[in-house]
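Novice: Predicted structure and sequence below. I'll ask about it afterward.
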Amino acid sequence: MKIVDIVCSAGRTGFYFDDQMAIRQGAKQDGFTYVGEPVTDGFTSVRQAGESISVMFILEDGQVAYGDCAAVQYSGAGGRDPLFLAEDFIPVIEKHIAPKLIGREITSFKEMAEEIDNMEVEGKKLHTAIRYGLTQGILDAVSKVKKVTMAEVVQEEYNIDIELQRIPIFTQSGDDRYNNTDKMIIKGADVLPHALINHVEDKLGKNGEKLLDYVKWLNKRIQELREDENKEFILHIDVYGTIGIAFENDIDKMVDYLAELEKAAAPFKLRIEGPMDMGSREGQVKALKELMATLKERNVNVEIVADEWCNTLEDIKLFVDEGAAHMIQVKTPDLGGVNNTVEAILYCKDRGVGAYSGGTCNETDRSSQVCVNIAMACGADQCLAKPGMGVDEGFMIVFNEMNRVLALANRKK
């Protein structure tokens, strides 16, 4: 089966691009936007509409396989590729990439995805968002040729011998962390609430008091609303380095505070993502290793999740090998080709580190569906409900795709 044409269309994502550095430097919220000047290259405002590109592969039998190019909410931060705007990158795909793929025979996902992921234009690798969307489309194309789910393609090509099964879904609240938590509990999300703690004074508290109060409320709210007393919930809160800022990266003080959070969360397991941001990959690894060692020494059972500066497959391998986290967020758009998402999850699993198939609220329904297939194929420990911050939509997309994959795979048994 050959690719006979490639068609691109500009799209919106499920959320927004936010200038993380401007927010950290004091840009204030005004309704749903921010007041202040952007500081990261490419941004025209602190918050602006997220953009995507659908890349559609027209196959010779008339079928259309497609993937969506998308980049993370905090583009240009933490060592990531710059802002991704459709009008800038559709011409790149049409001029430099489409001619190399039109007329090509669909072979294997792994082979073709690796080729695309390593492709260069004018001596530079393609933007991660382009590699992300193109390789999604290739995976879809192979699944259409073979007439199986994308999850089954991944398992066959990477020799993964595990049963496809449902994996825990992690929902994110955005700033509406109270009402959206209610939605999560009612709908039975497994891991919650993310909470978007990205500002010290407004959300964490200068001494961490605001987040501590929120965790106490969260615990109580789960007890009040859950229908099944035996259902286990995991509390996973992303703090975007604010704990480190509040406690001046003093490891002992941070562990004291994490112990308070653990007590407030009990009996539920607590995960803290991005406790500090040291401004470089090497600095982040060193600090997280020290934090992990101190947590263990003091028997504080809060799990640490790596995100910032853990962007590429190479980064993930380093964080895993150095023991710098209990769990790695495989931030799918940051890795470029989704073949790297497969490799990253498998690397974590093989070495006993939690594998969180993450991404961003700033994706699309299509990229989310593809990521679900990959997470299931590889046996990830949890999968992000995406896109958006409204809970219902992202949870629906991920939950329903998971059940479709299972129903189709089980039909063959």
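Specialist: That came in fine, so what should we check first? Keep in mind that what you see is a predicted model, and the values were worked out from it rather than measured.
Novice: Could I get the full set of helices for the stretch 251-400 of the chain?
Specialist: 251-265, 281-297, 313-321, 338-350, 365-378, 392-411 (DSSP state H, counting those that start in this stretch).
Novice: In TSV: those, plus mean pLDDT.
Specialist: Formatted as TSV, the helices of the stretch 251-400 of the chain follow (pLDDT from 0 to 100):
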stretch	mean pLDDT
helix 251-265	98
helix 281-297	98
helix 313-321	97
helix 338-350	98
helix 365-378	98
helix 392-411	97
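Novice: For Gly188, find the nearest of these.
Specialist: helix 392-411 (9.0 Å; Cβ to Cβ). C-beta: built from backbone N, CA, C; applies to glycine.
Novice: Off-centre distance for that closest one?
Specialist: 18 Å (Cα atoms, centre = their mean, to the nearest Å).
Novice: May I see the buried residues of it?
Specialist: Within helix 392-411, the residues scored as buried using 16 or more other Cβ atoms under 10 Å are Glu393, Gly394, Phe395, Ile397, Val398, Phe399, Glu401, Met402, Val405, Leu406, Ala409.
Novice: The fifth one: what's its closest spatial neighbour, skipping adjacent residues?
Specialist: The one in question is Val398. Ala385 (4.8 Å; Cβ to Cβ, 6 or more residues apart in numbering).
Novice: ok, now which ones touch that neighbour?
Specialist: Applying Cβ atoms under 8 Å, 6 or more residues apart in numbering, one finds that Ala385 lies in contact with Ile169, Phe170, Thr171, Gln172, Ala189, Val391, Gly394, Phe395, Ile397, Val398, Phe399.
Novice: Now do the helices for the stretch 1-150 of the chain: every range, in order, please.
Specialist: Using DSSP H, counting those that start in this stretch, helices in the stretch 1-150 of the chain cover 20-24, 86-92, 98-101, 109-117, 128-146, 150-157.
Novice: tell me the most buried of the ones you listed?
Specialist: Mean neighbour count (mean count of other Cβ atoms under 10 Å) peaks for helix 128-146 among the helices of the stretch 1-150 of the chain, with a mean of 26.
Novice: Where does the prediction get shaky in this structure?
Specialist: Applying pLDDT under 70 to the chain picks out residues 78-79.
Novice: Spell out for me which residue occupies the centre of it.
Specialist: In the chain, the centroid-proximal residue (Cα atoms, centre = their mean) is Gly359; its distance is 1.6 Å.
Novice: Tell me who's in contact with that one.
Specialist: Contacts of Gly359 were listed using Cβ under 8 Å, 6+ apart, and they are Val72, Lys331, Thr332, Pro333, Ser367, Ser368, Cys371, Leu384, Lys386.
Novice: Looking at those residues, which is nearest Val353?
Specialist: Distance to Val353 across the contacts of Gly359 (Cβ to Cβ) is lowest for Lys331, with 15.0 Å.
Novice: So for that closest one, what's the nearest residue that isn't a sequence neighbour?
Specialist: Here the residue nearest Lys331, using Cβ to Cβ, 6+ apart, is Gly358, at 5.1 Å.
Novice: Just give me the neighbour total for that neighbour.
Specialist: Other residues near Gly358 number 28, with proximity taken as other Cβ atoms under 10 Å.
Novice: next one: Ile234
Specialist: Neighbours around Ile234, by other Cβ under 10 Å: 18.
Novice: Quick check: it touching Pro267?
Specialist: No - between Ile234 and Pro267 there is no contact under Cβ atoms under 8 Å: 11.4 Å.
Novice: In the contacts of Ala385, find the pair that's most separated.
Specialist: The largest separation in those, counting by Cβ to Cβ, is between Gln172 and Phe399 at 14.3 Å.
Novice: still on that earlier bit, looking at the contacts of Ala385, which is nearest Gly137?
Specialist: Within the contacts of Ala385, proximity to Gly137 (Cβ to Cβ) peaks at Ile397, which comes in at 18.0 Å.
Novice: Look up how far Met254 lies from the closest one.
Specialist: Look at Ile397 and Met254: by Cβ to Cβ, to the nearest Å, they are 35 Å apart.
Novice: residues in contact with Ser9?
Specialist: Ile53, Ser54, Met56.
Novice: Hmm, I typed the wrong one, I wanted Leu83.
Specialist: Phe17, Thr40, Asp41, Gly42, Phe43, Ala71, Ser75, Gly76.
Novice: Around the closest residue to the last one other than its chain neighbours, how many other residues sit close by?
Specialist: The shortest distance from Gly76 to any non-neighbouring residue, by Cβ to Cβ, 6+ apart, is to Thr40 (4.4 Å). Residues near Thr40, counting by other Cβ under 10 Å, number 18.
Novice: Was I right to think Thr40 contacts Ile23?
Specialist: No - under the criterion of Cβ under 8 Å, Thr40 makes no contact with Ile23, lying 10.1 Å away.
Novice: would TSV of the buried residues of helix 392-411 with distance to Arg226 be doable?
Specialist: TSV is the format used below for the buried residues of helix 392-411 (distance: Cβ to Cβ, whole Å):
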residue	distance to Arg226
Glu393	22
Gly394	20
Phe395	16
Ile397	23
Val398	20
Phe399	17
Glu401	25
Met402	21
Val405	27
Leu406	24
Ala409	30
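Novice: can you name the two of the residues you listed that are farthest apart?
Specialist: Across the buried residues of helix 392-411, the longest distance by Cβ to Cβ is 24.9 Å; it joins Glu393 and Ala409.
Novice: Any of the contacts of Ser9 buried? List them.
Specialist: Taking 16+ other Cβ under 10 Å as the criterion, what is buried in the contacts of Ser9 is Ile53, Ser54.
Novice: out of the contacts of Ser9, which one sits closest to Lys317?
Specialist: Proximity of the contacts of Ser9 to Lys317 (Cβ to Cβ) peaks at Ile53, which lies at 28.9 Å.
Novice: Since that was my last question, I'll sign off now.
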